[in-house]
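**Q** Provided below for reference: sequence and predicted model.
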Amino acid sequence: MKQINGLVLLVSCCLLFASQVRAHGEIGEPSSGAREMAGTKGTFAFKPVDWLQGQRSWWKDTDGIAPGVAGCHIGTDEKGVPNGRMFGEACLPSGLLVESNPGKDELHSHSDDLGHPDTFDCHVWCIAQGQKGGVCAVAAAPPCEQSAKCACN
């Protein structure tokens, strides 16, 4: 009976969280690479601090969609030559992990210089990995100054 009550509480909390996020229009559908992964919450429009309004930018991700690995999104030209721009993955104030996409080292463009990273609930993702749970944690991912990943326990 305890397990059923706990499950009902967990599902209720998740539905409440999802309705609050969607009500603010912040979260879209997960990327194709994250769609089947545990803990995925969807994507959102991300504007880098050095945003180049109206421009198409090119990027490569160092880790692909890997919540357990801190990654760095590296700016390039259309041929994949690094241009000095970069940003790491991050933890949102809500505790969700911001996980850049698509695949590792896959050259891709951002229209209007806006990325659409995935978000993950690290606790759910870590449980699916056979752990007791987890949280989003700041982590190193050179050459980015700072990044984040799911830290399981």
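**A** Here it is on my side, so go on.
**Q** helix, strand or coil: sort out the nearest residue to residue 67 once chain neighbours are set aside for me.
**A** Spatial nearest neighbour of residue 67, excluding adjacent residues (Cβ to Cβ, 6 or more residues apart in numbering): residue 150 at 4.3 Å. From N, CA and C alone the C-beta is placed, and that goes for glycine too. For residue 150, the assignment made with DSSP: H, G, I helix; E, B strand; the rest coil gives strand.
**Q** go through stretch 103-120 and flag the buried ones.
**A** If you call a residue buried by 16 or more other Cβ atoms under 10 Å, then stretch 103-120 has these buried ones: 110, 113, 115, 116, 117, 118, 119, 120.
**Q** nearest residue to the middle of this structure?
**A** residue 99 (2.0 Å; Cα atoms, centre = their mean).
**Q** surely it meets residue 118?
**A** Yes - at 4.7 Å, residue 99 and residue 118 qualify as touching, with contact defined as Cβ atoms under 8 Å.
**Q** coming back round to it: Throw the buried residues of stretch 103-120 into JSON lines and include distance to residue 29 and pLDDT, thanks.
**A** Formatted as JSON lines, those follow (distance: Cβ to Cβ, whole Å; pLDDT from 0 to 100):
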{"residue": "110", "distance to residue 29": "17", "pLDDT": "97"}
{"residue": "113", "distance to residue 29": "21", "pLDDT": "97"}
{"residue": "115", "distance to residue 29": "15", "pLDDT": "95"}
{"residue": "116", "distance to residue 29": "10", "pLDDT": "96"}
{"residue": "117", "distance to residue 29": "13", "pLDDT": "97"}
{"residue": "118", "distance to residue 29": "10", "pLDDT": "97"}
{"residue": "119", "distance to residue 29": "11", "pLDDT": "97"}
{"residue": "120", "distance to residue 29": "14", "pLDDT": "98"}
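**Q** re the thing from before, distance-wise, check the residue nearest to the centre of the chain relative to residue 78.
**A** From residue 99 across to residue 78, the span is 24 Å (Cβ to Cβ, to the nearest Å).
**Q** now do residue 48
**A** For residue 48 relative to residue 78 (Cβ to Cβ), the value is 17 Å.
**Q** higher neighbour count, those two?
**A** residue 48 (17 against 10; other Cβ atoms under 10 Å).
**Q** okay, now the nearest residue to the more buried one once chain neighbours are set aside: neighbour count?
**A** Counting by Cβ to Cβ, 6+ apart, residue 87 is the residue found nearest to residue 48 once chain neighbours are left out, at 5.4 Å. Per other Cβ under 10 Å, the neighbour tally for residue 87 reads 23.
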